[in-house]
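Enquirer: sequence first, then the predicted structure, then my questions.
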Amino acid sequence: PKMVSDILSLIHNILQYANRIGLMTASASIAISVKQSKKQARIFSIEEQKKLYSYLKGNNNYTNLGILLCLFTGIRIGEICALTWKDISITENTIFVHRTMQRIQTDSKDGKRTEVLITDPKSSCAIRRIPIPNEISKMLETAKALPEAFFLTGSSSRYVEPRTLQYQFKRILQKCEISDANFHALRHTFATRCVEAGFDIKSLSEILGHANVNITLNRYVHPSMELKRNNMQKLLELFAVK
């Protein structure tokens, strides 16, 4: 359904463009929608997150440091792959997210079917500065490489592409004896922990690089049963006799 919806959206844009340049099409006004079932997002439990954090901290290398950074900032897999050390400010405890990496299909004459591109994000909202916890900043300081080097390799000529990082992440989960998950679960987990910690949604939305808070609420906010239980208890406490 997601793919069909994306295709319909593209066709709609093409028809709109045709209409603007004077090429009238009979189907330009046809409205088609596809019902998409909402998938259950994979979110790490507190215990799983502690296991993962302990492993990453105890096995310190550039890749593990990158996964750890995603766990505490919610940045996307393409964004961490494109991140360079000049995008990190140790003095300000921030990272500057302004590029993304992806592998796309290509019609290259040399026979290559795909290639890796590093480009600007899809929207201006995805360009952002994100504050990082002090302890993570200290870990970054000890591993710091040359400014032009990619964050995940410490080299300016060598990078880790998203597909490779996904494989490495899954191997780490196996070592930690954590149930399988894709890399995007880090982003869902980050958003959920932020809500549980009492973040205001506007701040969280800007950290995640969303255009508006509705995207954050609908896609990435997954209150746990424990949080729901605590909130229900607060309701009762309003009537408690003091």
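Expert: All right, it came through fine. Since this is a predicted model, take the numbers as computed values, not measurements.
Enquirer: only C-alpha atoms for contact and neighbour calcs from this point on.
Expert: Will do.
Enquirer: model confidence over stretch 167-180, on average?
Expert: Stretch 167-180 shows an average pLDDT of 96 in the prediction.
Enquirer: any idea how far the residue most central in space within the chain is from S156?
Expert: Centroid check for the chain by C-alpha atoms, centre = their mean gives R76 as the closest residue, at 2.7 Å. R76 is 21 Å from S156, where distance means C-alpha to C-alpha, to the nearest Å.
Enquirer: also Q168?
Expert: 20 Å.
Enquirer: quick one: residues contacting R229.
Expert: For R229, the contact set (C-alpha atoms under 8 Å, 6 or more residues apart in numbering) is empty.
Enquirer: and the strand or helix carrying it, how far out from the chain's middle?
Expert: Following DSSP states H and E, one finds R229 within helix 225-237. Relative to the centre of its chain, helix 225-237 is centred 29 Å away, using C-alpha atoms, centre = their mean, to the nearest Å.
Enquirer: helices of this protein, start to end?
Expert: Along the chain, counting by DSSP state H, helices occupy 2-20, 46-58, 62-73, 77-82, 134-143, 162-175, 185-196, 201-208, 213-215, 225-237.
Enquirer: return the helix or strand in this structure with minimum mean pLDDT.
Expert: helix 225-237 (a mean of 78; mean pLDDT, DSSP states H and E).
Enquirer: mind listing what's buried along that one?
Expert: Residues of helix 225-237 include none that count as buried (16 or more other C-alpha atoms under 10 Å).
Enquirer: now do it against helix 185-196, angle only.
Expert: 10 degrees (axes from the mean of the first three to the mean of the last three C-alpha atoms, to 10 degrees).
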